[in-house]
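*Asks:* mind looking at a prediction? Sequence and model below.
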Amino acid sequence: MTTLRLFLLAFSLILSGSMAAAYAGTLETNPEANRADPDFVAGKKAIERKDWKAAIEYFKAANKRLENADLHSHLGFAFRKSGDLDSAFNHYKVALGIDPNHRGTHEYLGEAYVKAGNLDKARQHLARLEEICGKDCEEYLDLARAIASNGKAK
């Protein structure tokens, strides 16, 4: 029974990580710290449910303990999806101030610029992603699709 429980726990962790990656599009740069924070974990689950308001509240609570690019990238994502582009832009800029090469943030910031109708700025982030990870990384491809669809960013 103990072996079965360990297997199920490991399987559920792998599965939950895969689900998170499906929306995040990138590996987190601080996974240990993020997994250790219950509000960060709850914020990611709220994003999976598309409960943007709850995600914002959880990530704000986590920000009292964490200060990393992942947190601000996720906060920006939740604000963008909730329609608050000003707050999204602010958190994406904080994330890039912490980690200028954060792939997820470049993708999400580019998508926010697409949503705002500023395709030139979106293309700047696409070019930056090309420098960071090439044209085959998921973040580059996602942003390229958003730009090509001209305003239908995810």
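*Replies:* Perfect, thanks for sending it. What you see is a predicted model; the values in this text were computed from it and never measured. Numbering: from 1, shown residues only.
*Asks:* where does the prediction get shaky in this protein?
*Replies:* 1-27, 151-154 (pLDDT under 70).
*Asks:* where along it do the strands fall?
*Replies:* Here the chain has no strands by DSSP state E.
*Asks:* show me where it has its helices.
*Replies:* Counting by DSSP state H, one finds helices in the chain at the ranges 2-24, 31-36, 38-48, 52-62, 69-82, 85-98, 103-115, 119-133, 138-148.
*Asks:* okay, those in JSON lines with mean neighbour count next?
*Replies:* C-beta coordinates here come from the backbone N, C-alpha and C atoms, glycine included. Shown next, in JSON lines, are the helices of the chain (neighbours: other C-beta atoms under 10 Å):
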{"stretch": "helix 2-24", "mean neighbour count": "11"}
{"stretch": "helix 31-36", "mean neighbour count": "14"}
{"stretch": "helix 38-48", "mean neighbour count": "19"}
{"stretch": "helix 52-62", "mean neighbour count": "20"}
{"stretch": "helix 69-82", "mean neighbour count": "26"}
{"stretch": "helix 85-98", "mean neighbour count": "18"}
{"stretch": "helix 103-115", "mean neighbour count": "27"}
{"stretch": "helix 119-133", "mean neighbour count": "17"}
{"stretch": "helix 138-148", "mean neighbour count": "19"}
